[in-house]
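# Take this sequence and fold it.
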Amino acid sequence: MVFGPAARNQAGAAFVVACAALLAGCAAPVPPPVYVPIAEAQSYGYADRQLGETSYEVSYVTAERRVSSNSIGREAELDALATQAQEVAQLRAADIAIETEHPAFKVIDRRTDAEVTVRDHRYYGHGHFHPFGFASSHHLHHHPVAFAPIISRVAFAQVRTTLTVELLQTTDDDSADAAVVRNRLQEKYLATPSDMTGPAQGE
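Got it, this is the predicted structure:
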């Protein structure tokens with residue numbers, strides 16, 4: 001069967017559309033935002049509770065991230081997670097201050113903890129028979145090759161920061177301007193993916 005130019009053009013257009021749809025289906029999903037309540041994200045996010053008339057406890061737990069399985073090699077990665085946890089907790093504190101019409105807040109207490117989980121995965125190479133031995137008149141004898149287990153060590157980390165903050169009506173040398181803090185951190189975290197689970201460097 002011979003197709004004319006119009007038919008070939010239609011077929012080419014259909015092929016292009018099909019390829020575009022295939023590529024769209026293969027696009028990586030957009031990860032959820034960093035700045036999200038833990039009640040919504042479940043495994044990470046911020047939480048807060050009111051302690052007094054102008055005092056709040058604000059916490060943030062980072063998403064689980066794969067880090068170096070070597071304790072020395074993951075120090076910088078844990079520092080980066082701690083920075084994220086502290087800054088997002090500050091962002092939440094600034095939002096609370098603005099929502100309650102307090103222009104400033106002061107951090108009274110700060111606690112940061114890291115939890116590292118190391119898992120060992122044991123597996124074996126694909127078993128096969130390696131020809132070795134001697135030939136008889138009818139058969140070549142094969143002996144199985146023994147494989148030692150391969151142990152792969154994988155580490156994951158989460159960091160939690162908890163702030164105790166006091167909301168203020170005026171700023172001083174020990175307090176933070178809520179609007180300034182929000183402006184500084186909103187671009188970094190309000191639209192930043194939380195996916196930090198890529199392979200650790202150097203592994």
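# longest single helix anywhere in the protein?
Residue-count comparison of every helix in the chain, with assignments taken from DSSP state H, identifies helix 75-99 as the longest.
# Tell me the first helix or strand C-terminal of that helix.
Downstream of helix 75-99, the next assigned helix or strand under DSSP states H and E is strand 104-123.
# Give the pairing partners of that following strand; include direction for each.
Strand 104-123 has the following strand partners under DSSP bridges: strand 150-168 (antiparallel), strand 176-177 (antiparallel).
# Dump those strands to JSON lines, plus mean pLDDT, mean neighbour count and distance to I98.
Every residue, glycine included, has its C-beta placed from N, CA and C. As requested, the strands paired with strand 104-123 are arranged in JSON lines below (pLDDT from 0 to 100; neighbours: other CB atoms under 10 Å; distance: least, CB to CB, whole Å):
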{"stretch": "strand 150-168", "mean pLDDT": "90", "mean neighbour count": "18", "distance to I98": "10"}
{"stretch": "strand 176-177", "mean pLDDT": "96", "mean neighbour count": "18", "distance to I98": "10"}
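# so which of those gets nearest A80?
With respect to A80, and counting by CB to CB, the nearest of the strands paired with strand 104-123 is strand 150-168 at 9.1 Å.
# what's the angle from that closest one to helix 75-99?
30 degrees (axes from the mean of the first three to the mean of the last three CA atoms, to 10 degrees).
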